[in-house]
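Visitor: Below is the sequence, then the predicted model.
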Amino acid sequence: MIVKNDLRLTVARLTSLIQESAETMSKIKVLIVEDYAPLAETLEYQLVRGGYDVLRASDGRSAVQQAKLNLPDVVILDVDLPVLSGIEVCRLLRSDAATKDTLILMLSALGEESDQLVGFAMGADDYVVKPLESYKVLLQRLKALLRRREPVAIESDQVSHHGVVVDRRRFIVTVHDEQLKLTKSEFKLLETLIRQPGRAFARAELVDAALGDDTMVLDRTIDVHVRALRRKMGEYAELIETVRGVGYKFRE
């Protein structure tokens with residue numbers, strides 16, 4: 001009996017670890033490189049709220065090491081850093097095969113055109129001048145960078161899964177032949193989820209999909225739309241699954 005109980009606990013623990021690992025892998029990974037701790041902490045807080053997985057480095061050398069070890073999707077890079085400058089970090093990342101395609105958003109108190117041109121010449125994808133007037137605007141610029149990296153795919157006008165049919169051309173959703181009356185945001189949200197069943201979408205990604213590119217990220221904004229969509233789907237609401245610590249997915 002003790003062995004069976006231990007085995008159950010082991011299996012439960014392994015299942016929990018696998019779920020936690022999957023949730024972490026589904027997030028966009030951002031490396032913050034900033035030696036001013038209060039700013040770095042605020043940036044980390046805002047990014048975590050936005051659904052990102054965040055790493056931090058406080059000098060140029062550790063930034064390069066972390067980038068090569070963890071391969072972040074985006075590096076938010078201060079220019080004025082100890083050990084190695086942000087410009088040198090940018091150059092090193094661009095010259096390494098493992099990090100050459102990593103998105104780099106530079107932060108600098110140097111706002112002259114010549115300073116920005118140097119940053120772009122070294123391979124920066126965007127350049128933001130400090131002090132930051134709005135963290136929401138910074139998040140929008142970060143999302144714009146990520147959209148720029150996504151491949152353009154030709155999608156069919158209709159997609160179906162588990163009896164749910166989304167017809168983009170006619171703007172119609174049916175669940176087992178019963179048509180649903182959805183708002184534009186609910187329609188776009190459902191279309192995004194159903195086109196990639198099983199993929200966990202972060203809330204920030206779904207805000208983009210359902211509310212448009214210019215919408216600022218607000219706390220739990222997407223949850224309101226998911227609740228409304230689930231109500232309209234009735235007994236099939238469980239097809240939209242909550243992914244703990246990440247966001248939502250359509251059942252695979």
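Guide: Sure thing, it's come through. Numbers count the residues shown, from 1 in each chain.
Visitor: just so I have it, where are all the strands in the chain?
Guide: Assigned strands in the chain, in chain order: 29-33, 53-57, 74-78, 103-108, 126-129, 158-161, 164-167, 172-175, 178-180, 201-202, 240-243, 247-250 (criterion: DSSP state E).
Visitor: how's the chain carved up into domains?
Guide: 26-149, 158-250 (automatic domain parsing).
Visitor: Off-centre distance for the longest one?
Guide: Meaning domain 26-149. Here domain 26-149 shows a centroid-to-chain-centroid distance of 15 Å under the convention CA atoms, centre = their mean, to the nearest Å.
Visitor: for stretch 159-169, same thing?
Guide: Here the centre of stretch 159-169 is set off from its chain's centre by 25 Å, with CA atoms, centre = their mean.
Visitor: Show me which residues of that stretch are buried.
Guide: 159, 161, 164, 165, 166, 167, 168 (16 or more other CB atoms under 10 Å). In short, each C-beta sits where N, CA and C put it, glycine included.
Visitor: Between the residues you listed, which sits nearest residue 134?
Guide: residue 168 (33.4 Å; CB to CB).
Visitor: How about the closest one: what's its closest non-neighbour residue?
Guide: Closest residue in space to residue 168, ignoring its immediate chain neighbours: residue 157 at 5.0 Å, by CB to CB, 6 or more residues apart in numbering.
Visitor: Would you mind stating the distance between the one you found and residue 78?
Guide: For residue 157, the distance to residue 78 equals 45 Å [CB to CB, to the nearest Å].
Visitor: Repeat that for residue 140.
Guide: Here the distance between residue 140 and residue 78 works out to 20 Å (CB to CB).
Visitor: Give the residue from these two that has the larger number of neighbours.
Guide: Taking other CB atoms under 10 Å, residue 140 and residue 78 do not tie; residue 78 has more neighbours (25 against 17).
Visitor: Tell me the bridge partners for the more buried one.
Guide: Counting by DSSP bridges, residue 78 forms beta bridges with residue 107.
Visitor: before we move on, back to that, which of the buried residues of stretch 159-169 lies closest to residue 235?
Guide: For the buried residues of stretch 159-169, the nearest to residue 235 is residue 164 (12.1 Å; CB to CB).
Visitor: residue contacts, the closest one?
Guide: 173, 174, 175, 190, 194, 233, 236, 239 (CB atoms under 8 Å, 6 or more residues apart in numbering).
Visitor: I would like a PyMOL command selecting only the buried ones among those residues, please.
Guide: A single PyMOL command suffices to select whichever of those are buried according to 16+ other CB under 10 Å:
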select buried, resi 173+175+190+194+233+236+239
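Visitor: just curious, which of the contacts of residue 164 is nearest to residue 128?
Guide: Nearest to residue 128 among those, counting by CB to CB, is residue 190 at 34.0 Å.
Visitor: residue contacts, the closest one?
Guide: 164, 166, 173, 182, 229, 240.
Visitor: so what's the first one scoring on pLDDT?
Guide: Reading off the confidence values, residue 164 has pLDDT 93.
Visitor: Okay, it and residue 190: tell me how far apart.
Guide: Distance from residue 164 to residue 190, by CB to CB: 8 Å.
Visitor: So residue 74 is in contact with residue 103, correct?
Guide: Yes. Here residue 74 reaches residue 103: they are 4.4 Å apart, a contact under CB atoms under 8 Å.
Visitor: Compare those two and say which one has the larger neighbour count.
Guide: Taking other CB under 10 Å, residue 74 and residue 103 do not tie; residue 74 has more neighbours (23 against 19).
Visitor: Fine by me, we can end here.
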